[in-house]
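**Q** Sharing a model prediction with you, sequence too.
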Amino acid sequence: MADAAVEFLLENLKQLLLHHANLIKDAKNLLEKLENDLRLFKAFLRDSAKKRRKDEKLRELVRQIQNVVYEAEDIIDAIVTQAAEDKSRNYFLRAFQNRSELTQQVETVCSKIRDIYGDKSRADFAFINVEDGEPDKIEAPILRKDNVVGFEDEAETLMRYLGEETEHLDVISIIGMPGLGKTTLAGKIYHDSNIQYMFPVRMWIYVSQEFTRKDIFLSILKELGIRVDSEIKCKTDGELAELVSGHLMNGKFLLVMDDVWTAEDWNKLKIALPTNNKKGKVLITSRQKEVALCANQVRVPHMLRFLTPDESWLLLRYEVFGNPEFPPELEVEGKQIANQCQGLPLAIVVIGGILVKKFSASGEMGARRKAWRKVSESFNTYLKDHDTEKRMEKIISLSYEKLPYHLRECFLYVGMFPEDFEIPAWKLIRMWIAEGLIQQKENVTLEETAENYLDDLINRNLVRADKFKPDGRVKTFRIHDLLRDFCRTEAGNEKENFFQEIKMSSDGGFQPSVSEGHKYRRLCIHSNVLNFLSEKPHGPSVRSFVCFSNEESPIQSENISSIPAGFKLLRVLDIKPIKFDKLPTDMYQLLHLRYIVFSFSKGVLPPAFSKLWNLQTLIVDTTCRTLDIKVDILNMIQLRHFKTNRSATLSKTNKSNKGGEKLQTLGSISPKSCTQEVFDRTRNLKKLGVRGQLALILDDKSGSFDSFEKLGNLVKLKLVNDLVLCSSAEQQLHSLPPAYKFPTQLRSLTLCDTSLDWRHMSVLGSLDKLEVLKLKDKAFWGTKWEATDGGFRHLEVLHIGRTNLENWVASHHHFPKLNRLELRNCENLKEIPIGLASIPTFQLLDLHRSWQATVSAKEIRGIKRSLEEQQVPNVRRFKLSIFPPED
């Protein structure tokens, strides 16, 4: 923990000295002395990275470093906040000198370090070995989705149940202790090709311990492909239950409800399920047998068994080597480790995460065998408890202890998200960066380093990749309940106080109490947040305050200042569920904010946001149609990402300013803001969204699209023609700029409501590096599209939504690398070109309310299956999804 704290404070001092010298000029010598002491701390921490695992005295010294650095950080940040408000001369110097106890504490720790290294450290720290603490080499995530071990007989039994005819809605339950593989087994069944064919309508819902009926019912509607607008969100639980039941009343469906905790929870949810639908099936996973007996009194609950020793050894081999093959020299130790996991799959997966990082890829066999033996021995000394659940906790703890120090805080931070939450990778990565948990490396962006850290946690099986981007990178991920519980426990212990989750107790109070906020550096609360804020919490050291509730919570005017008044040193503030009518003025005193996500009902972003000079990520959600950005965001020199859900008009930029160089994400801005001046300042943009009257830039008459050529690093572009902001003449675009005017590195393009003629697709086909093309809601309009030769040479994903297209003429050579085709609301499309079946890489066809095309889709599936059976080289396994299903 201390490592990241030292790095962050060093960077803070550097930024203060570089950009805000006017606040601290009289205390410059004091801060430079502190900076030198911090460099000693840094050198010591790197040198002792491996030694302190076995030396309690070194660990105690590391804790002292952490405490004194945290205190220094809090004091300096608090003084900076006051100095920015106080215009009197020498404020910082006077305030800093008044905290003489800090200087004494720093010097005491420095003396202890010097005692360890002797007099050398007074003159030269170059002798200290700084290599031991460097992060491990990052490897790509090992994908093991198809390597589900030990559930063949279980899956066969459950799939047989799903195929049985009943006289009522059939509820099937998988019951077992945490870590036994209930979700894995349900996932194996859910993704089975025969089940997909049997149940074209399939829904997967995470229930978890804390839920609201409204959230669950809305999730089911979303899974059914129903657009959940504000009108639906305003319905009562009962009305939503009727709506869900109505959609599920007829036809076959499979609904998986993962992690139902109690029979009472089931009773709350079952009102939305049509009991008279004989074709419907519900698959439940739960820890409690009582849930199964309550859900279906006729069918016996399916009690999940433990793995056999052979299955355990096979699973361990998959986790470490990626396949059943293994060096025979490791068999004895490997089987011993597998057996010590006592048939618990999660234990094997977590231990496999230790072995795969340390011992599988390289090194002399004797050394690897010795290392495996060492892990086996650590089981005997570390896992003395015979209780299986407690053994699992200790296995997780052992895996945590094996983590390199730079990953420990990153892993614990994941526990701030709610149970069973689908965590967006981009969100976690930006929060890590804002917290200073990611160290800057030469020629690598902070985002790239953070993404590598996440991949590392996935490789170690501490988190699980859930969804992937078209390029194979992780889009979202999840953490197992037991691993999340470990994060919460470890982060909340008195030695660390890393973060604390706030919950409302049965007596109406909060646990821990509001008065204990001063103990913790981070707080998360996912329900009853308005009640919490009404009690005016106070946390002078709190650096993160996050709320990921699904419930929108309009905050009362008397409580709008509760957050900035109670948590003055915040770096991370993610409060999207809290709806502000107006922003409190003291929000702009949160000078240390690096990441903020908020919602409000205004259409103007005030110029006062310029006071937040440390801001890296700014995400604004507004109910207004447009957002007028009064602050010059291009002059916010640390800003890396700006996003809003509406058309944002940027303020006029000052050409003499040097900001904008770090900006990577900008969206969605109005076409009027797509100027030479803006793109001159933002040449490092990677993602850009434009929303509004696209005719201003896309009709190639005004020449304003010329400015896009400056964006040589742009890889993702989204263009939305906002019909509300357009005149009737502007609602249909008549042309596209020529291909050479598009950014040269563009890999992903989204168009929406542009109503272009299909002949203009030839322009998009000429974009040489385009891999993903999403044509949403009338992006193209017309009854016939005849693909032209020579285009879309690298296109992998094609999405077409809501169009009047009837005839699509194309063959395999028009999309030679197509992997995925999604058709949404293409109700008039008569057939999908059969020639697409000959594309070797084509493996997913997803139809949604595109009824006429289903015959050709099934024909394509038949051709693909035939090619698979013939084992034609390079032909990938094909999947067809159709909604709604044919009865």
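**A** Noted; the coordinates are in hand. Numbering: from 1, shown residues only.

**Q** how about residue 196, what does it touch?
**A** 202, 879, 881 (Cβ atoms under 8 Å, 6 or more residues apart in numbering). For every residue, glycine as well, the C-beta is placed using N, CA and C.

**Q** just those now: which is nearest residue 571?
**A** residue 202 (41.0 Å; Cβ to Cβ).

**Q** Show me where the stretch 651-800 of the chain has its strands.
**A** Using DSSP state E, counting those that start in this stretch, the strands found in the stretch 651-800 of the chain span residues 665-669, 687-692, 716-721, 748-752, 772-776, 784-786, 797-801.

**Q** Also the stretch 401-550 of the chain?
**A** Going by DSSP E, counting those that start in this stretch, the stretch 401-550 of the chain shows strands at 423-424, 464-468, 474-478, 500-504, 510-511, 522-525, 544-546.

**Q** looking at these, which has the lowest confidence?
**A** Ranked on mean pLDDT, the bottom entry among the strands of the stretch 401-550 of the chain is strand 510-511, at a mean of 86.

**Q** Residues in contact with that strand: which ones?
**A** Outside strand 510-511, the residues touching it (Cβ under 8 Å, 6+ apart) are 502, 503, 504, 505, 528, 531, 532, 535.

**Q** Where is pLDDT lowest across the contacts of residue 196?
**A** Ranked by pLDDT, those bottom out at residue 881, which scores 85.

**Q** Let me know the secondary structure of that one.
**A** strand (DSSP: H, G, I helix; E, B strand; the rest coil).

**Q** which residues touch it?
**A** Going by Cβ under 8 Å, 6+ apart, residue 881 touches 196, 200, 844, 845, 846, 847.

**Q** just residue 645 next, same as before
**A** Applying Cβ under 8 Å, 6+ apart, the residues near residue 645 are 620, 621, 622, 668.

**Q** give me that answer again for 6 Å
**A** residue 621 (Cβ atoms under 6 Å, 6 or more residues apart in numbering).

**Q** start the count at 40, not 1, going forward
**A** Shifting the count to begin at 40 puts that one at residue 684.

**Q** What separation do you get for it and residue 666?
**A** Per Cβ to Cβ, to the nearest Å, residue 684 is found 9 Å from residue 666.

**Q** Likewise for residue 43?
**A** Per Cβ to Cβ, residue 43 is found 35 Å from residue 666.

**Q** Reformat the contacts of residue 235 as JSON lines; add distance to residue 619.
**A** Output for these, formatted as JSON lines (distance: Cβ to Cβ, whole Å):
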{"residue": "241", "distance to residue 619": "39"}
{"residue": "918", "distance to residue 619": "44"}
{"residue": "920", "distance to residue 619": "40"}
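
**Q** Which one of those residues is nearest to residue 188?
**A** Nearest member of the contacts of residue 235 to residue 188, counting by Cβ to Cβ, is residue 918, at 22.5 Å.

**Q** Near the closest one, how many other residues are there?
**A** 15 (other Cβ atoms under 10 Å).

**Q** nearest residue to it other than its sequence neighbours?
**A** Counting by Cβ to Cβ, 6 or more residues apart in numbering, residue 918 lies nearest to residue 883, which is 5.1 Å off, once chain neighbours are set aside.

**Q** what's across from the one you found in the sheet?
**A** residue 859, residue 918 (DSSP bridges).

**Q** what about stretch 810-828, how long is it end to end?
**A** 17 Å (Cα to Cα, to the nearest Å).

**Q** Centre of the chain to that stretch, how far?
**A** On the basis of Cα atoms, centre = their mean, to the nearest Å, stretch 810-828 sits 30 Å off its chain's mean C-alpha point.

**Q** Next: stretch 844-856.
**A** 34 Å.

**Q** in it, what counts as buried?
**A** Applying a neighbour-count criterion of 16 or more other Cβ atoms under 10 Å, one finds 844, 845, 847, 849, 851, 853, 854 buried in stretch 844-856.
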